[in-house]
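1. pasting a predicted model and its sequence here:
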Protein chains: 2
Amino acid sequence: MTTEPGPRELPEADSRTLAVIESVAREVAAAVAAGELPEIALPLRGLGNVRYDARKGYFELGDARKTRALTAGTARVFAQTLRLMAVSRRLVADGDFATKREAYYISKNWGDCRFTDQSESDSVMDDIEALASMHGLSREQLRFYPESHGGAVAGPLTVIDRGAAPGETVEIDCTTLGSGAYSIPHSVEHLSFETDAKFILAIETGGMFQRLNNHRFWRAAKCILVEMSGVPTRATRRFIRRLSEARKLPVYCFTDCDPYGFSNIYRTLKVGSGNAAHINQFFCVPQARFLGVTPRDIVDYDLADATHPLTPADVKRARDALANDPFFRRHRAWVTAIEQLIEMGVRAEQQALAKWGLNYVIEEYLPRKLADRRSFLP
Amino acid sequence: MTTEPGPRELPEADSRTLAVIESVAREVAAAVAAGELPEIALPLRGLGNVRYDARKGYFELGDARKTRALTAGTARVFAQTLRLMAVSRRLVADGDFATKREAYYISKNWGDCRFTDQSESDSVMDDIEALASMHGLSREQLRFYPESHGGAVAGPLTVIDRGAAPGETVEIDCTTLGSGAYSIPHSVEHLSFETDAKFILAIETGGMFQRLNNHRFWRAAKCILVEMSGVPTRATRRFIRRLSEARKLPVYCFTDCDPYGFSNIYRTLKVGSGNAAHINQFFCVPQARFLGVTPRDIVDYDLADATHPLTPADVKRARDALANDPFFRRHRAWVTAIEQLIEMGVRAEQQALAKWGLNYVIEEYLPRKLADRRSFLP
């Protein structure tokens, strides 16, 4: 890990990552050369430094900063911050990556400034990520990848990826994977897309994804199917965001009708979270709309006898959304829907439509919903 | 769901499934026609009816049976059993499938014999699955699919799947998916395979899979990479089993060095579990061997300072394996390894090798291990 980056031609985004890291390093070196104690300005990551930008549609980090200065008490974490940035620089130069877990283990060779536990390295990495985010760079661009890859994808989409040899590209046609699917990699920054699909359908459960894929629903509806498997991972969210932006595609979200589907899945996909405001600019999908299942669908599709009672945790989550969540609170249609759900006292899964036959969802429900997109919740 | 199966040409396995269902139905109908109370003989699924076949290498169901007779008290469950078998027959005839969850919802249209809760439908489905298993048929062949699909796959493998049109096939070349991968579908019964790989490497974590895939380790080592993401799903296990059997490939398992990696991941992959003995014949991979990480590797690769202390739950799991698990107990090498782990008091993750550099695992560890396959644990 000590040789200089070679003459490899770097993509523009990689050059920007290196520039950010090197500018911090130069400031530290200049302070040291001038006989001063170096310091690094890092964004404050707490909820107190978050603002909601209604125009952009997500929470973003405010301007507050903390300064990590080199003192006797901070020498170790100061060194760790610089070393982890050096790891990032090396990864970018080598075209490699490290998971958060691997980054922690790399430090085991750092002598006295090794991390004793992953919470330490995660915290330093979050600081570096927040710093990079001020320059429009994500953690993935620093080449620190999440442990989890993204969900499955099927439909009229060609993903253009790098091949094994430099400059080589690979094209993956997501209509040609049979009953299988394309598994989204851990980082999607380097992918580009070709498609004639009209929209992206983001689906909560693996079972529903498999049904729509096996019946080639994507062909009939001219759409790209993305399986979220519950709350979408970073990779899934970033994939949907990049694909929808690159090809100007609407995103429709299809989850269970319950507070978890609304708050934890849809809201995370659409507006991100206040706790991790520094990543929302990359991961949230403000253009997403909620197709269903809605509380009104329980009535319209006569699903009452295929519902389950809301649990106390469901009711608490729903009331929290109404009382505290700026996203739901500013959309009258969501407030009405959540109040209706609490009033009905039941939840309905997307599979509940199987009451009317396994492929009712394909033959009736989705075509009817898609014919009236104005009825989607915001 | 009431029309007769059409004249579609059925694969041989599907014809066997229909034959089993129809033979049960005929016996019931004959009893009714003769004025007798019908009954169905179902295998007992409890641990008391399990035997360990050392030659086959897995637990299997014994010969004990329970009889589900039609009485006033059993009328509902008797009807449910027949209706669920009728659903299976329809799914086979239509080339469709249902998840366990969907099968539960289908019953919402059955009037008085609807299931009130999924535990009821799961239990009836387990009975039918056990019955079918006596005829060498899995639940997937009954067309009841699990909710979860399988892990990701990369390497020199062509998966041959059905296309959208009848008789059409699709070939998926798993070397052409870039940094992405092939996502194993929920059921793999209909897949066939072409490969010139020498073995299958089954990997515990997504992070390690991504590393080996991004660096095209599969090319250097001539192997197929399969990501398990912890304990492998039914689809992942069945995929590895079918692929290794069809192409006579050894299976090497690469997990963390901890009791969870040994007992929950490797042992489940290799010999299945006593609690679900009726499925082991389809899902276990008796030919699997344990490549690492082993307790000895912690010493040989000087990983001591990249370990973590065993938790009390780890120690309990390890002691349980030594005291009660017939698989570990009959392999001296495993007993020694587990005793060594307890003695050392620490666990090591597969990412711990990153201590020696991120790609040490590719350049040193795996080549050295693969050069001495006799050292693999059984």
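-> Arrived safely, thanks for sending. Numbers count the residues shown, from 1 in each chain, chains lettered A, B, ... in the order given.
2. CA atoms only for stretch A:102-110, dumped as PDB, please.
-> Presented in PDB, the C-alpha positions along stretch A:102-110 are these (Å, rounded to 0.1, in the frame of the first residue of the first chain):
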ATOM      1  CA  GLU A 102     -12.200  -4.700   5.600                       C
ATOM      2  CA  ALA A 103     -11.200  -1.100   6.200                       C
ATOM      3  CA  TYR A 104     -11.300  -1.900   9.900                       C
ATOM      4  CA  TYR A 105      -9.100  -5.000   9.500                       C
ATOM      5  CA  ILE A 106      -6.600  -3.100   7.300                       C
ATOM      6  CA  SER A 107      -5.800  -1.000  10.400                       C
ATOM      7  CA  LYS A 108      -4.600  -4.000  12.200                       C
ATOM      8  CA  ASN A 109      -1.300  -3.300  10.600                       C
ATOM      9  CA  TRP A 110      -1.100   0.300  11.700                       C
END
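3. quick check: mean pLDDT of it?
-> Stretch A:102-110 carries an average pLDDT of 93.
4. next, see if that stretch gets close to chain B.
-> Yes. Judged by C-beta under 8 Å from any C-beta of the partner chain, stretch A:102-110 comes into contact with chain B through A:E102, A:Y105, A:I106, A:K108, A:N109. Yep, even glycine has a C-beta here, placed from its N, CA and C like the rest.
5. buried subset of these?
-> A:E102, A:Y105, A:I106, A:K108 (16 or more other C-beta atoms under 10 Å in any protein chain shown).
6. would you mind giving those residues as CSV with distance to B:G62 and secondary structure added?
-> CSV is the format used below for those (distance: C-beta to C-beta, whole Å; DSSP: H, G, I helix; E, B strand; the rest coil):
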residue, distance to B:G62, secondary structure
A:E102, 47, helix
A:Y105, 47, helix
A:I106, 52, helix
A:K108, 50, helix
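7. for chain B, what are the nearby residues on the stretch 201-350 of chain A?
-> A:T205, A:G206, A:G207, A:Q210, A:R211, A:N214, A:R216, A:R219, A:D305, A:A306, A:E349.
8. which pair of those spans the longest distance?
-> A:R219 and A:D305 (32.9 Å; C-beta to C-beta).
9. now the strands for the stretch 51-200 of chain A?
-> Listed from the start of the chain, the stretch 51-200 of chain A has strands (DSSP state E, counting those that start in this stretch) covering A:58-61, A:65-69, A:98-99, A:144-145, A:152-154, A:157-162, A:169-173, A:181-183, A:192-195, A:199-203.
10. can you lay out the ones you listed as TSV showing mean neighbour count and mean pLDDT?
-> As requested, those are exported to TSV (neighbours: other C-beta atoms under 10 Å in any protein chain shown; pLDDT from 0 to 100):
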stretch	mean neighbour count	mean pLDDT
strand A:58-61	21	77
strand A:65-69	14	86
strand A:98-99	24	93
strand A:144-145	26	93
strand A:152-154	28	96
strand A:157-162	19	95
strand A:169-173	15	94
strand A:181-183	28	94
strand A:192-195	17	97
strand A:199-203	24	98
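11. and those strands: which comes nearest B:W356?
-> Here strand A:98-99 is closest among those (C-beta to C-beta), at 13.4 Å.
12. sheet-wise, list the partners of the closest one with their directions.
-> strand A:144-145 (parallel) (DSSP bridges).
13. where does chain A dip in pLDDT?
-> Within chain A, the stretches with pLDDT under 70 are A:1-9, A:47, A:274.
14. pull the longest helix from it.
-> If you go by DSSP state H, chain A has its longest helix at helix A:12-33.
15. quick check, the residue in the stretch 201-350 of chain A closest to chain B?
-> Nearest to chain B, among the residues of the stretch 201-350 of chain A, is A:G207, at 3.9 Å (C-beta to the nearest C-beta).
16. correct me, but that residue touches B:E147?
-> Yes. Counting by C-beta atoms under 8 Å, A:G207 touches B:E147, with 4.8 Å between them.
17. with neighbour numbers in mind, choose between these two.
-> A:G207 (26 against 18; other C-beta atoms under 10 Å in any protein chain shown).
18. which element is that one on?
-> helix A:206-214 (DSSP states H and E).
19. can you name the next helix or strand after that helix?
-> helix A:217-221.
20. sweet, I'm off.
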